[in-house]
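Sequence and computational prediction follow.
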There are 2 protein chains.
Amino acid sequence: MNGTTIRDVARQAGVSIATVSRVINGSGYVKDSTRQRVEAAVQALGFLPNNLARSLLSGSTKIVGAVFPDISNPFFPVVARGIDDALTSHGYMLIICNTDNDAGQEEALVGVLLQKRVDGIVFVTGSPESSGLVKRASAQVPVSLVDREIEGAECDTVTSDNYRGAYEMTRYLAGLGHKRIAFISGPAKYSTSRKRLMGFTDGLRDSGAQEQPLLFYGDFKYETGYSIGREILSAGQGITAVFAANDLMALGAMRCFLDAGILVPAQIAVAGYDDIFMSPLVRPSLTTVSQPAYRMGAVAAEMLLERLQSAGRAGRQGARFLALDPALVVRESTGGGRSSS
Amino acid sequence: MNGTTIRDVARQAGVSIATVSRVINGSGYVKDSTRQRVEAAVQALGFLPNNLARSLLSGSTKIVGAVFPDISNPFFPVVARGIDDALTSHGYMLIICNTDNDAGQEEALVGVLLQKRVDGIVFVTGSPESSGLVKRASAQVPVSLVDREIEGAECDTVTSDNYRGAYEMTRYLAGLGHKRIAFISGPAKYSTSRKRLMGFTDGLRDSGAQEQPLLFYGDFKYETGYSIGREILSAGQGITAVFAANDLMALGAMRCFLDAGILVPAQIAVAGYDDIFMSPLVRPSLTTVSQPAYRMGAVAAEMLLERLQSAGRAGRQGARFLALDPALVVRESTGGGRSSS
DNA sequence: TTGAAAGCGCTACCAC
DNA sequence: GTGGTAGCGCTTTCAA
């Protein structure tokens, strides 16, 4: 264990601890010869300043917490990387928490984060159940939200424009001539689910090609997409296109169709949302709406950092809301183009 | 900001700070009525104990650092989740670092982790360039290694048996009748690469079906697998099976073959290593060697926790080495069975 | 059962 | 230029 303290260094160098502090912080005046003696002592002892003590004084740990449903789920790791890169380049580090969407767990973890005195927290998606928690947290430290909107909380939000992404995909599918398009929605409690669903129904209406929206509800999981795919087949409603609220479900449904001997896109076109890592790699490659996951994370972290920098209460700007542009990525699964992978 | 301290609580409750401390820690004797008054004060003030101060005293932050090449790369998020779950269930939290395999970056990040006084560090794969760093780190705090071996460092190691996994896959491919099997290796500097390569060459030798190993060297990336796939096709060596040292390269090569109109597995069989999330989902689904990524992370964290628990220097056991069992997962890409997804 | 006080390692202010 | 010292918020003896 490394028990060497500033005191040991001071003794070794024959100076006071105040001088050692000046040297390791590069602050104040120190005679050159003294500085060298201190630096030598630091080397000799392998001294590492204790940031706990520093933080206790300064009130800043240079640590930010991030709350995820599940970091092992595609899409989130990319967001995490975006957050971490932004933080690292400013000398901050990242504590990651997995909630599995369990409100109790989330509550507990955020509590610990606060006790550890993180300088800020990034919440990445989540259900409105925890909006109270987010508000409480943002009363203590700056908070950024990724892909989730909570009204009344003073914190910055970064999303991509879920409504527009879904709207454009729907128009695209209708434009391909599909008249019976099914939509596999995510749980209605998430604002992203609702936005995408609205984009879908509005897109349908504006295309004027289909009277009734054909809706299915899933939970964003691959397996669920697969089983809903089966429902779609047995429903026998003449569905020619399926648009899922995320890639995992789209991939599940597509796999179900292929397993059933249905040709994609010839018999049924499939589209997803997110553009996760594997979507260009499957066959047929998946048409989808690309969300700038990395940038969403990076921007959320940068907004947080801005607030931390201007912590002088001076720059206390109001809550900012930023919707990044989603992008239609046409690949093979809708027959609308050649492979883009 | 939450500036309430134990002092404020003490004043509010009309007791000393020592008593407040006893109440929030449930230690020592406190009269029931006093306890209630203190608890009421804690509630009223929204007091949250400052763990920085606690850690300064106790010498433990209940934070563990984990060093990854890149958390956004498949395989690692699952390991991370395994680590985090083990830690969380013991009241610890996880700081994640991305090094991009940059030795300088790794050095810097580990330095900061140590200054922040993390209780331990988990290193997940990496090049031998940083073995000096690992040794230095393990002189300060307990260290666990995942999927990486470093001799002479007193730290626990968890891997899967890379030699055996590759050996068995090779025997399996040879058993299918392949006489010209190409191997796409990872960079030779990683011990996992070397082990898998040895498993391959030994497997070949023991099968007695092929004189010369056909070797290609990649860097574990999808794109590289794709371009090596092209090399393999143009080499015209009558290769009928390709075994890649990880799934990403296998997937890349397979995609290349499919794009070239080569049938998989009919004309060329393809196998990978890792069994990442998407391997069962592509078409044809990928035959591969499954590594228990989640368990590797969880076990590494548990070993670390054991050392932390028995920090009384009493349980100072020597370095432990654990190789978990890999498993052959036969899917469509080798034609050896039906889809397993 | 409770309070006073000594630090944990460090920074920053004030003398010299 | 340099050293002494007062805390940052908390836990933990030691007395009372």
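Received it, and whenever you're ready, just let me know what you need.

any idea how far the closest residue to residue A:258 other than its chain neighbours lies from chain B?
For residue A:258, the nearest residue in space outside its immediate sequence neighbours is residue A:264; the separation is 6.2 Å by C-beta to C-beta, 6 or more residues apart in numbering or on different chains. Using the backbone N, CA and C atoms, a C-beta is placed for each residue, glycine as well. Going from residue A:264 to chain B by C-beta to the nearest C-beta, to the nearest Å gives 10 Å.

which residues does residue A:264 contact?
In this structure, residue A:264 makes contact with A:254, A:257, A:258, A:270, A:284, A:333, judged by C-beta atoms under 8 Å, 6 or more residues apart in numbering or on different chains.

same thing but 10 Å
Counting by C-beta atoms under 10 Å, 6 or more residues apart in numbering or on different chains, residue A:264 touches A:242, A:253-255, A:257-258, A:270, A:283-284, A:286, A:332-335.

Can you pull the residues of the stretch 101-250 of chain A lying near chain B?
Where the stretch 101-250 of chain A comes near chain B, counting by C-beta under 10 Å from any C-beta of the partner chain, the residues are A:105, A:108-109, A:111-118, A:136, A:139-142, A:222, A:226, A:248.

Lowest-confidence member of the contacts of residue A:264, which is it?
Lowest in pLDDT among the contacts of residue A:264 is residue A:283, which has 84.

helix/strand/coil for it?
The three-state assignment at residue A:283 reads coil, by DSSP: H, G, I helix; E, B strand; the rest coil.

Look up the closest residue to it, ignoring the ones flanking it.
Taking C-beta to C-beta, 6+ apart as the measure, residue A:283 lies nearest to residue B:283, with 4.8 Å between them; neighbours along the chain are not counted.

and what of residue A:284?
Leaving out its chain neighbours, the residue that sits closest to residue A:284 by C-beta to C-beta, 6+ apart is residue A:332, at 3.4 Å.

Against residue A:189, how distant is the one you found?
Distance, residue A:332 to residue A:189, by C-beta to C-beta, to the nearest Å: 33 Å.

picking that back up, residue B:77: which of the contacts of residue A:264 is nearest?
When the contacts of residue A:264 are ranked by distance to residue B:77 (C-beta to C-beta), residue A:286 comes first, at 20.2 Å.

give me phi/psi at that closest one?
Here the main-chain torsion angles of residue A:286 (degrees, to the nearest 10) amount to phi -90, psi 120.

Report the spatially closest residue to it, excluding sequence-adjacent ones.
Computed as C-beta to C-beta, 6+ apart, the closest residue to residue A:286 that is not its neighbour in sequence is residue A:279, at 4.2 Å.

what's the pLDDT at the one you found?
pLDDT, residue A:279: 93.

cool, and residue A:130?
The model reports residue A:130 with a pLDDT of 84.

Please enumerate the helices of the stretch 1-150 of chain A.
Per DSSP state H, counting those that start in this stretch, the stretch 1-150 of chain A has helices spanning A:6-13, A:17-25, A:32-45, A:51-58, A:76-88, A:103-115, A:131-140. These are given in chain order.

Nearest to residue A:299, out of these?
Closest approach to residue A:299 among these (C-beta to C-beta): helix A:76-88, 7.8 Å.

Next, the angle from the closest one to helix B:103-115.
80 degrees (axes from the mean of the first three to the mean of the last three C-alpha atoms, to 10 degrees).

Now helix A:76-88 - C-alpha only, PDB.
Once non-C-alpha atoms are left out, helix A:76-88 reads as follows in PDB (Å, rounded to 0.1, in the frame of the first residue of the first chain):
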ATOM      1  CA  PHE A  76     -25.400   2.300 -24.600                       C
ATOM      2  CA  PRO A  77     -21.800   1.400 -24.800                       C
ATOM      3  CA  VAL A  78     -21.400   3.900 -27.600                       C
ATOM      4  CA  VAL A  79     -23.100   6.600 -25.600                       C
ATOM      5  CA  ALA A  80     -20.900   5.700 -22.700                       C
ATOM      6  CA  ARG A  81     -17.800   6.100 -24.800                       C
ATOM      7  CA  GLY A  82     -19.000   9.500 -26.000                       C
ATOM      8  CA  ILE A  83     -19.500  10.600 -22.400                       C
ATOM      9  CA  ASP A  84     -16.200   9.300 -21.300                       C
ATOM     10  CA  ASP A  85     -14.200  10.800 -24.100                       C
ATOM     11  CA  ALA A  86     -15.700  14.200 -23.300                       C
ATOM     12  CA  LEU A  87     -15.000  13.900 -19.600                       C
ATOM     13  CA  THR A  88     -11.500  12.500 -20.000                       C
END
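
So that helix, near chain B or not?
Yes: contact check for helix A:76-88 against chain B, using C-beta under 10 Å from any C-beta: residues in range are A:76, A:77, A:78, A:79, A:80, A:81, A:82, A:83, A:84, A:85, A:88.

Okay, the residue nearest to residue A:284 and DNA strand D: tell me how far apart.
Residue A:332 is 59 Å from DNA strand D, where distance means C-beta to the nearest atom of the strand, to the nearest Å.

Surely that residue touches residue A:281?
No: taking contact to mean C-beta atoms under 10 Å, the distance of 11.4 Å between residue A:332 and residue A:281 leaves them out of contact.

For burial, what's the neighbour tally of residue A:91?
When neighbours are counted by other C-beta atoms under 10 Å in any protein chain shown, residue A:91 registers 9.

residue contacts, it?
By C-beta under 10 Å, 6+ apart, residue A:91 lies in contact with A:62, A:305, B:112.

Could you do residue A:248 as well?
When the contact criterion is C-beta under 10 Å, 6+ apart, the partners of residue A:248 are A:73-75, A:218-226, A:272-274, A:276, A:278-279, B:277, B:281.

residue boundaries of the strands in chain A?
Read by DSSP state E, chain A holds these strands, from start to end of the chain: A:63-68, A:93-98, A:120-124, A:143-146, A:156-160, A:181-185, A:214-217, A:241-244, A:269-274, A:287-290, A:321-324, A:327-329.

Now the second one: average pLDDT?
In other words, strand A:93-98. Averaged over strand A:93-98, pLDDT sits at 98.

Same question for the fifth one.
What strand A:156-160 shows for mean pLDDT is 94.

cool, the third one as well?
Across strand A:120-124, the average pLDDT comes to 97.

Note down every partner strand of that strand and its orientation.
When sheet partners are counted by DSSP bridges, strand A:120-124 sits next to strand A:63-68 (parallel), strand A:143-146 (parallel).

quick one: that strand to strand A:156-160, angle?
30 degrees.

ok, residues contacting stretch A:199-214?
Outside stretch A:199-214, the residues that reach it (C-beta under 10 Å, 6+ apart) are A:161-175, A:177-185, A:197, A:215, A:232, A:235, A:237-239, A:241-243, A:245, A:273, A:289, A:326.

Tell me how far the residue of the stretch 51-200 of chain A found nearest DNA strand C lies from chain B.
DNA strand C sits closest to residue A:53 of the stretch 51-200 of chain A, with a gap of 3.1 Å, by C-beta to the nearest atom of the strand. Residue A:53 is 6 Å from chain B, where distance means C-beta to the nearest C-beta.

What count of nearby residues applies to that residue?
Each residue near residue A:53 was counted by other C-beta under 10 Å, and the total is 16.

ok so, going back, next one: phi and psi at the residue nearest to residue A:258?
phi -120, psi 120.
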